[in-house]
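>>> okay, predicted coordinates and the sequence, questions at the end:
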There are 2 protein chains.
Amino acid sequence: MEIRELGEFGLIDRLKEQTIFSPDLVLAGIGDDCAVVRHGPGTVQLMTTDMLVEDIHFTLTTSSPQEIGYKSMAVNFSDIAAMGGQPRHALVSIALPRSLPVEFVTAMYAGMKEICAQFGVNIVGGDTVASPKSLVINVALTGDAAPERVVMRKGARPGDLVAVSGTLGDSAAGLELLLTGQDGGAAGVILKDRHRRPQPRVVLGQRLAAAGVTSMDDISDGLASELLEIAVPSQVDLVIDSAALPLSTELQTLAGQLSKDLLHYALYGGEDFQLLFTLAPHCYDNLPADIRGAITLIGTVQPGEGRSFLLFPDGQREQLQARGYNHFREDVEA
Amino acid sequence: MEIRELGEFGLIDRLKEQTIFSPDLVLAGIGDDCAVVRHGPGTVQLMTTDMLVEDIHFTLTTSSPQEIGYKSMAVNFSDIAAMGGQPRHALVSIALPRSLPVEFVTAMYAGMKEICAQFGVNIVGGDTVASPKSLVINVALTGDAAPERVVMRKGARPGDLVAVSGTLGDSAAGLELLLTGQDGGAAGVILKDRHRRPQPRVVLGQRLAAAGVTSMDDISDGLASELLEIAVPSQVDLVIDSAALPLSTELQTLAGQLSKDLLHYALYGGEDFQLLFTLAPHCYDNLPADIRGAITLIGTVQPGEGRSFLLFPDGQREQLQARGYNHFREDVEA
């Protein structure tokens, strides 16, 4: 069987068996935003990694080298944010075509250093190798957190509220503008920037963890996929109000120009790197006003078996499928 | 300027500036086998990463998927070994052509798990992405060590002895047999195995660190290069006795069949993943007999300015250059 038939998640299911050989050191292995391993007393270490491949994750025509470097670091910070942790140390591996200009590589690193400086993260090592064809970047990142504050995906409970930070679909709409060469005016500038320079919600993630949210995930593959990433391990159903999904004014401004319904970008767009989380109603009531202003309630957690549903204003209800990006499958939407 | 003009080490020199934004957490950043960062009390964390690219680091014709997986993990273990540490947790990223058989990927992982089981190392996470062309594997690895036992490259002192573990040049000779399709009989089987399944010297590295060796490095790029990796940061000269270099009986058996002088494989071969280290004479005298049996004294540390020399039996002396593998340069020998 070829891996394109099995798909990304089927493949991961096969690989993740029997990978822990010193179990006393591991609190959580493969299957959440980060691994959680024992560290010193009073703290746990988070570990995450993301690989970005030219013409799969980025193209040299739609992003500058600085933006590619920035984003390769940002997506990892976002995984630490989704556990409520603080990113600490990065290892950067790059496979480079030999004909690449030195300035390209230094600009890419400048983008990484810019966001590392912003969050106080160290680049402590890496590997620099030749590539016969494509540019490949891998960032591995450690972070730390107080053990009692690490937020996993599996903690959602019936009766909880479902919430997201920021707005949804902007990155996907920005990518569409970039790929189709559309301008989009001032709104277009902002949407393209959201695609190329996403802001990981590190501080918000820490504050939500401290406030006691019950589960959390970052939105890398699109809301529909990420809802299931919480619903399945929590063994609950998430019921989302379609009218509540937060759409930016920029996305709404360009509604007539974009190829799809706005709900499509919000549900399946991906790469927003906002936080999706669940929390008890009293926890929401106690949130500081500035956090409440930065998030939107979009639904409720109900007893169930790991599904998610979208409720429309007319009372119709649709079960959501994971239709975010799946590597190795070419028949799904990106 | 293209990176092939600047070369691997020139590029790293440009990238490694201004990469530390939380300096209080970092004991050593870019420039040694591993980074050393603060951990809990009484321990430090080591971090290392290696990226392996198809047709640069391995080919699908000379190595099986299981061997590729095994080796991608082994080379990282070797970096932890070179600091005297214990490998702990690995993150594995792989970029896979979509047409690759699932069995290839599971066999590659079986090779990784085999060596992880041997050393009690956990695979705690990773990333699995599509690649338009080449197979790319990145392993990022943490380890730990007692702070006073971490062995850096910069600690060699005049008066120390220079030593290596095991034998040199076997891996390069094994690769030559594989690439030229030569058999080599029983000796060939062993040399090919040394190339495809190197044994990282983890336990030996820890015992040497505990014994108080002054500097250590693993031999990934060839002895000549690695001597400078110790000589330059230590600001000493390393003087090596050409007749003392340990050559395996298998390498000597095939001397007539191989294309180059045996000294060439020992000096420039690379990928032996043995340990190169320096130690005071009294430290050597106090080593347990089994360690002394596993290592060979090859030279002395002298006052100097970061050079290395090879002494021949006739009294001639040749300054050694780094002629190991340099990514991006196509004019150097692999």
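Perfect, thanks for sending it. Keep in mind that what you see is a predicted model, and the values were worked out from it rather than measured. Numbering: from 1, shown residues only, chains lettered A, B, ... in the order given.
>>> all helices of chain A, in order?
A:3-15, A:65-81, A:102-119, A:170-180, A:185-196, A:202-211, A:223-234, A:249-253, A:262-268, A:281-285, A:289-294 (DSSP state H).
>>> pick the most buried one from those.
helix A:65-81 (a mean of 25; mean count of other Cβ atoms under 10 Å in any protein chain shown). Just so you know, the C-beta spots here come from the backbone N, C-alpha and C atoms, and that holds for glycine as well.
>>> just list what it packs against, helices and strands only.
Counting contacts by 3 or more Cβ pairs under 8 Å, 6 or more residues apart in numbering or on different chains; DSSP states H and E, helix A:65-81 is packed against strand A:44-53, strand A:86-96, helix A:102-119, strand A:136-145, helix A:185-196, helix A:202-211, strand A:215-218.
>>> now mean pLDDT too, for the helices of chain A, in CSV please.
CSV is the format used below for the helices of chain A (pLDDT from 0 to 100):
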stretch, mean pLDDT
helix A:3-15, 85
helix A:65-81, 97
helix A:102-119, 96
helix A:170-180, 95
helix A:185-196, 96
helix A:202-211, 98
helix A:223-234, 96
helix A:249-253, 97
helix A:262-268, 95
helix A:281-285, 98
helix A:289-294, 97
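>>> tabulate the helices and strands packed on helix A:65-81 (CSV), appending distance to A:Thr278.
Formatted as CSV, these follow (distance: least, Cβ to Cβ, whole Å):
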stretch, distance to A:Thr278
strand A:44-53, 20
strand A:86-96, 22
helix A:102-119, 25
strand A:136-145, 18
helix A:185-196, 24
helix A:202-211, 10
strand A:215-218, 5
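>>> so A:Tyr265 sits right up against A:Ala172, yeah?
Yes: applying Cβ atoms under 8 Å, one finds A:Tyr265 in contact with A:Ala172, separated by 4.7 Å.
>>> follow-up on the earlier one: which one of the helices of chain A lies nearest to B:Thr106?
Closest approach to B:Thr106 among the helices of chain A is made by helix A:3-15 (5.8 Å; Cβ to Cβ).
>>> and stretch A:216-227, is it in reach of chain B?
No: using Cβ under 8 Å from any Cβ of the partner chain, stretch A:216-227 never reaches chain B; the gap is at least 10.9 Å.
>>> show me what residue of the stretch 1-150 of chain A gets nearest to chain B.
Relative to chain B, the nearest point of the stretch 1-150 of chain A is A:Gly40 (2.2 Å; Cβ to the nearest Cβ).
>>> these two touch, right, that residue and B:His39?
Yes: counting by Cβ under 8 Å, A:Gly40 touches B:His39, with 6.1 Å between them.
>>> the two: who's more crowded?
B:His39 (21 against 15; other Cβ atoms under 10 Å in any protein chain shown).
>>> distance of that one from chain A?
According to Cβ to the nearest Cβ, to the nearest Å, B:His39 and chain A sit 6 Å apart.
>>> distance of the closest residue in space to that residue that isn't next to it in sequence from A:Phe77?
Computed as Cβ to Cβ, 6 or more residues apart in numbering or on different chains, the closest residue to B:His39 that is not its neighbour in sequence is B:Gln45, at 4.1 Å. When distance is defined by Cβ to Cβ, to the nearest Å, B:Gln45 is 19 Å away from A:Phe77.
>>> with A:Ser215 instead?
Counting by Cβ to Cβ - A:Ser215 and A:Phe77 are separated by 20 Å.
>>> cool, A:Leu208 as well?
15 Å.
>>> cool, A:Asp24 as well?
29 Å.
>>> again with A:Val53
Relative to A:Phe77, and taking Cβ to Cβ, A:Val53 is found at 19 Å.
>>> how about the contacts made by A:Asp144?
Neighbouring residues of A:Asp144 by Cβ atoms under 8 Å, 6 or more residues apart in numbering or on different chains: A:39, A:43-46, A:85-86, A:88.
>>> now do 10 Å
A:39-40, A:42-46, A:80, A:85-89, A:150, B:25, B:39 (Cβ atoms under 10 Å, 6 or more residues apart in numbering or on different chains).
>>> which residue packs closest to it, ignoring adjacent ones?
Using Cβ to Cβ, 6+ apart and skipping residues adjacent in sequence, the residue nearest A:Asp144 is A:Thr43, 5.1 Å away.
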